[in-house]
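> no sequence on hand, only this structure:
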């Protein structure tokens, strides 16, 4: 383990990053309001600490080494995080609490975000920090205060509130449908089945739910998120199997149509979870209370919420 005394200073990282942009110690020094020798010394000390050369001179010009190129990616992440943290503290002050909420990306964009309107008015001192779902232990490791997830039952060490289930429906762009009517769902394979990486069994189970089987249920381009599946279906790449509540807007606007009239309920449901020891934390209780209200109130513009 690296001794803390051997960790590079922020100044050294800033000098290195500035030099990589200008490929000049002189111009980096001007930007940082330091002397050229000070910048050069910081980079030299950094190279000594890392035991790798970060720059080399080629025809009197600076050039990043492979090690320097690799290190630059991490350094920029560190400096960006420090900058964001500093701005957050300066902007929100000591009375503001940050509430970190993780969510699956498409669920967050399509379902959660529209239900956050008004949160800041009621809770001006609780700043929401939303991020895409990452690891299952985010809650217990303290990386998130609350987490939305799709699955079965509660996770160890957490309190989980069941929100609602879902129904999967096959959708595609209107122009993708043939003029002749399908006589059975397996004919959808002619349109290309768009696969979701998080639900590899979905098409197979959807066909099986209707008493059909096809060798092509696992064939087709694979996408990481529902959002990418939605866009792929919209532009005519094929037919996507999606939770209906995530595509209500596209269906209402005619951008997508139902390719085969069959809804398949999922075995799993959507949950909101938080660590057991956080049950009494005011900011957590406030968010849970807000979400419970949102489940029962109608959305603006006449759109109804999906009931749990």
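Looks like it arrived, so ask away. Remember, it's a predicted structure, so these values are computed and weren't measured experimentally. Numbers count the residues shown, from 1 in each chain.

> measure residue 150 to residue 70 for me?
Counting by C-beta to C-beta, to the nearest Å, the gap from residue 150 to residue 70 is 36 Å. In short, each C-beta sits where N, CA and C put it, glycine included.

> more neighbours: these two, which one.
Set side by side, residue 150 and residue 70 show unequal neighbour counts under other C-beta atoms under 10 Å, the larger going to residue 150 at 18 against 13.

> hang on, the more buried one packs against residue 273?
No - in this structure residue 150 lies outside contact range of residue 273 using C-beta atoms under 8 Å: 11.4 Å.

> show me where the stretch 1-150 of the chain has its helices.
In the stretch 1-150 of the chain, the helices defined using DSSP state H, counting those that start in this stretch lie at 10-22, 25-32, 36-50, 66-92, 105-107, 119-122.

> so what are the domain limits for the chain?
Using automatic domain parsing, the domain ranges for the chain come out as 4-92, 97-162+277-299, 167-265.

> now render those as JSON lines, adding mean pLDDT.
Compiled in JSON lines, the domains of the chain are given as follows (pLDDT from 0 to 100):
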{"stretch": "domain 4-92", "mean pLDDT": "90"}
{"stretch": "domain 97-162+277-299", "mean pLDDT": "87"}
{"stretch": "domain 167-265", "mean pLDDT": "94"}
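
> what bridges to residue 170?
residue 241, residue 260 (DSSP bridges).

> I figured it hits residue 259, correct?
Yes - with contact defined as C-beta under 8 Å, residue 170 reaches residue 259; the gap is 4.5 Å.

> what's the overlap in contacts for the two?
Taking C-beta atoms under 8 Å, 6 or more residues apart in numbering as the contact rule, residue 170 and residue 259 both touch 188, 239.

> excluding chain neighbours, what is closest to the spatially most central residue of the chain?
Ranked by distance to the mean C-alpha position of the chain (C-alpha atoms, centre = their mean), the top residue is residue 132 at 2.6 Å. Nearest residue to residue 132, sequence neighbours excluded (C-beta to C-beta, 6 or more residues apart in numbering): residue 105, at 4.6 Å.
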